[in-house]
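**Q** 3D model of this:
(chains A, B and C)
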Amino acid sequence: MSIALHLALIALLLALAFWTVVARETFAAVAGFVSYGLLLTLAWVALSAVDVALTEAAIGAGLTGALLIGATSRLRKTEAAARAERPGRATRVLAAIVATAVAAAIAACVLLLPDPGPSLAPEVAQNLASTGVGNPITAVLMSFRAMDTMLEAIVLLFGLIGIWSLASDRYWGGRPGLAPVVEPNGILAYLARVLPPIGLVVGIYILWVGADYPGGKFQGGTVLAAMWLLLLMSGLHDAPAVSQRWVRLALVAGPAVFILVGVLGVFVAGAFLGYPEGLAKPLIIVIEVALLPSLAVTLTLLLMGPPQRSESSP
Amino acid sequence: MRIAADIFTIVAILTGAFFFLAGTVGLLRFPDTLTRLHALTKADNLGLGLVVLGLLPQSSSVFGGLKMILVWLLVLLASATVSQLIARAARRGGPHP
Amino acid sequence: MTSFLLAMTFFVVVMVAVGLFCVLRGASNADRMMAVQLFGTGGIAALLLAGVANGTEGVVEVVLTLSVLAAFAAVAFVKADESGAKDDDRPEQGP
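**A** This is a model prediction of the structure:
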């Protein structure tokens, strides 16, 4: 039965991916992509990779969908013109050749992998106790490969700066998004009052269980960001001007704590991001707790886009 | 006792799966957006509700079971809100078909 | 019991996926959003079924995340739709 399920998932993934690529209408492609994220979550669970499934659920089925739907509505005015355009035969043939070559190269790489593949998993399992956390994924992300995680958190900030730099000079440092229109008795305002408190608890819970079970700051931060975005979309709360001091502080606090702990490691444990004996778990928790709000604010502002209104305008 | 719980699970999940079938068929066969929305909510409310109910006896811990019930309640909240929002968007003159 | 649960997972996933494909091919955007919503609920049910069938703890956390975010895409859709409708009246301003 399990094999039938796996085959069905593979077939559906391929079909949905194909549909998303060939769909001519932007919104249809986005609808396909959102569902693709959910299907991928199922596939990761079927492969027993629950940590990856959790990330896919939070990012793929949640935030990316909203981001792409926003992009669709911005593209609507030019969509008809873009669809009428048809690239020449030479361009299409060239694109087909390049795409096929890339796909073939990736397929070759996968098929040529040695069996069993090279793995550091036994080493991780052996040294898991030294980190004090029970979830091997968290141990890899926060201890053995902490450098990668730190750069990941910082690269999000660079992405945000890139988006902000798209603002016109007039609105630099202003508020992102449209001025809020609130319907105090609307159903959306109701949802935005009821759901965020629950989402806040779930987000922090996901961070907390990350020590021993699937979970962590990125996934928790995504849930928190989604709750804030819900408030912003309902109009109950206006987006802050991006030049405000607390916004900037919230953005850099998490990465700053991470770097600080890393530098401390140079003096105490003899290596950048080294944790002193016995203190690994408390330090990992400090970093994760500091990163959670920073990631939530970063992701929210990433989705809100560049500032479009001056700081004072309502 | 074990057998009774298993029978309960099988009956509840089969009924839940039936409501998913009904929701899908409704989505495909009903004539307009508002009636299709009506079919959709059956799958959300009853389909998932019965599946959760059927899984409760199989759950390894009480806490796990409570989380499953919370999931159902959250989906109920989401589907109730979303169906209202979509219905309003559809009534506003059909959002660019 | 395990094979029954896996069979039900298979049934639910394939069914909502078939519904999704049929609706995606030709319908209004509101209908597409509904199909995505149904697919989301079906996916949540399938995840719970598969998680209990395989005894994978932690799937409940995945499902909890999904259910908190369940309304999120649809709300973004409706808001984008509204601002798009307003945008048609004032073609000079971006959304």
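**Q** name the helices or strands packed onto the lowest-mean-pLDDT helix or strand in chain B?
**A** Within chain B, no helix or strand scores below helix B:33-42, which has a mean of 83 by mean pLDDT, DSSP states H and E. Counting contacts by 3 or more C-beta pairs under 8 Å, 6 or more residues apart in numbering or on different chains; DSSP states H and E, helix B:33-42 packs against helix B:2-29, helix B:62-91, helix C:29-54. For every residue, glycine as well, the C-beta is placed using N, CA and C.
**Q** Show me the one of those that comes nearest residue A:232.
**A** Closest of the helices and strands packed on helix B:33-42 to residue A:232 is helix B:62-91, at 16.0 Å (criterion: C-beta to C-beta).
**Q** Buried residues in the least confident helix or strand of chain B, which are they?
**A** Buried residues in helix B:33-42, defined by neighbour count with 16 or more other C-beta atoms under 10 Å in any protein chain shown: B:33, B:36-37, B:39-41.
**Q** winner for burial among the helices and strands packed on helix B:33-42?
**A** helix C:29-54 (a mean of 27; mean count of other C-beta atoms under 10 Å in any protein chain shown).
**Q** Can you dump the C-alpha atoms of stretch A:267-277 in CSV for me?
**A** Output of stretch A:267-277 as CSV, limited to C-alpha atoms (Å, rounded to 0.1, in the frame of the first residue of the first chain):
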residue,chain,number,x,y,z
PHE,A,267,38.0,33.3,23.2
VAL,A,268,36.2,30.6,25.3
ALA,A,269,36.2,27.6,23.0
GLY,A,270,39.0,28.3,20.6
ALA,A,271,36.9,28.6,17.4
PHE,A,272,34.4,31.0,15.9
LEU,A,273,30.9,29.7,16.8
GLY,A,274,32.5,27.1,19.1
TYR,A,275,30.4,26.4,22.2
PRO,A,276,32.2,25.8,25.5
GLU,A,277,31.8,22.4,27.1
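**Q** Enumerate every residue touching the spatially closest residue to residue B:36 that is not a sequence neighbour.
**A** Using C-beta to C-beta, 6 or more residues apart in numbering or on different chains and skipping residues adjacent in sequence, the residue nearest residue B:36 is residue B:30, 4.6 Å away. Applying C-beta atoms under 8 Å, 6 or more residues apart in numbering or on different chains, we find residue B:30 in contact with B:36, B:38-39.
**Q** Can you give me the distance of residue B:30 to chain A?
**A** Distance of residue B:30 to chain A, computed by C-beta to the nearest C-beta, to the nearest Å: 19 Å.
**Q** can you count the residues close to residue A:38?
**A** Neighbourhood size, residue A:38 [other C-beta atoms under 10 Å in any protein chain shown]: 27.
**Q** what about the one helix or strand residue A:34 maps to and chain B, any contact?
**A** For residue A:34, the element it lies in under DSSP states H and E is helix A:26-46. No: using C-beta under 8 Å from any C-beta of the partner chain, helix A:26-46 never reaches chain B; the gap is at least 8.5 Å.
**Q** can you pull the pLDDT of residue A:54?
**A** pLDDT, residue A:54: 91.
**Q** my read: it touches residue A:213, true?
**A** No: the criterion here is C-beta atoms under 8 Å, and residue A:54 misses it with residue A:213 at 9.6 Å.
**Q** neighbour-wise, which of the two wins?
**A** Between residue A:54 and residue A:213, counting by other C-beta under 10 Å, residue A:54 is the more crowded of the two (33 against 20).
**Q** could you measure the more buried one against chain C, distance?
**A** 5 Å.
**Q** Report the contact partners of that residue.
**A** With C-beta under 8 Å, 6+ apart, residue A:54 has these contacts: A:206, A:214-216, A:219, C:58, C:61-62, C:65.
**Q** 7 Å instead?
**A** By C-beta atoms under 7 Å, 6 or more residues apart in numbering or on different chains, residue A:54 lies in contact with A:214-215, A:219, C:61-62, C:65.
**Q** so where do the helices sit in chain C?
**A** Ranges of helices in chain C, per DSSP state H, are C:2-25, C:29-54, C:59-68, C:72-89.
**Q** Dump those helices into JSON lines; add distance to residue A:147 as well.
**A** JSON lines is the format used below for the helices of chain C (distance: least, C-beta to C-beta, whole Å):
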{"stretch": "helix C:2-25", "distance to residue A:147": "39"}
{"stretch": "helix C:29-54", "distance to residue A:147": "33"}
{"stretch": "helix C:59-68", "distance to residue A:147": "27"}
{"stretch": "helix C:72-89", "distance to residue A:147": "32"}
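**Q** Dump the ones you listed into a markdown table; add distance to residue A:195 and mean pLDDT as well.
**A** Converted to a markdown table, these look like this (distance: least, C-beta to C-beta, whole Å; pLDDT from 0 to 100):
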| stretch | distance to residue A:195 | mean pLDDT |
| --- | --- | --- |
| helix C:2-25 | 24 | 87 |
| helix C:29-54 | 15 | 89 |
| helix C:59-68 | 7 | 91 |
| helix C:72-89 | 9 | 74 |
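**Q** Please name whichever of those is nearest to residue A:309.
**A** Using C-beta to C-beta, the helices of chain C put helix C:72-89 closest to residue A:309, at 13.9 Å.
**Q** Go ahead and flag the most central residue of the chain.
**A** Unless you meant another one, I'm taking chain A. residue A:59 (4.3 Å; C-alpha atoms, centre = their mean).
**Q** should've been chain C
**A** Chain C has residue C:40 as the residue nearest its centroid, 2.5 Å off, counting by C-alpha atoms, centre = their mean.
**Q** In terms of helices and strands, where is residue A:116?
**A** Using DSSP H and E, residue A:116 sits within no helix or strand.
**Q** near chain B, which residues of the stretch 101-250 of chain A?
**A** A:187-188, A:191, A:194-195 (C-beta under 7 Å from any C-beta of the partner chain).
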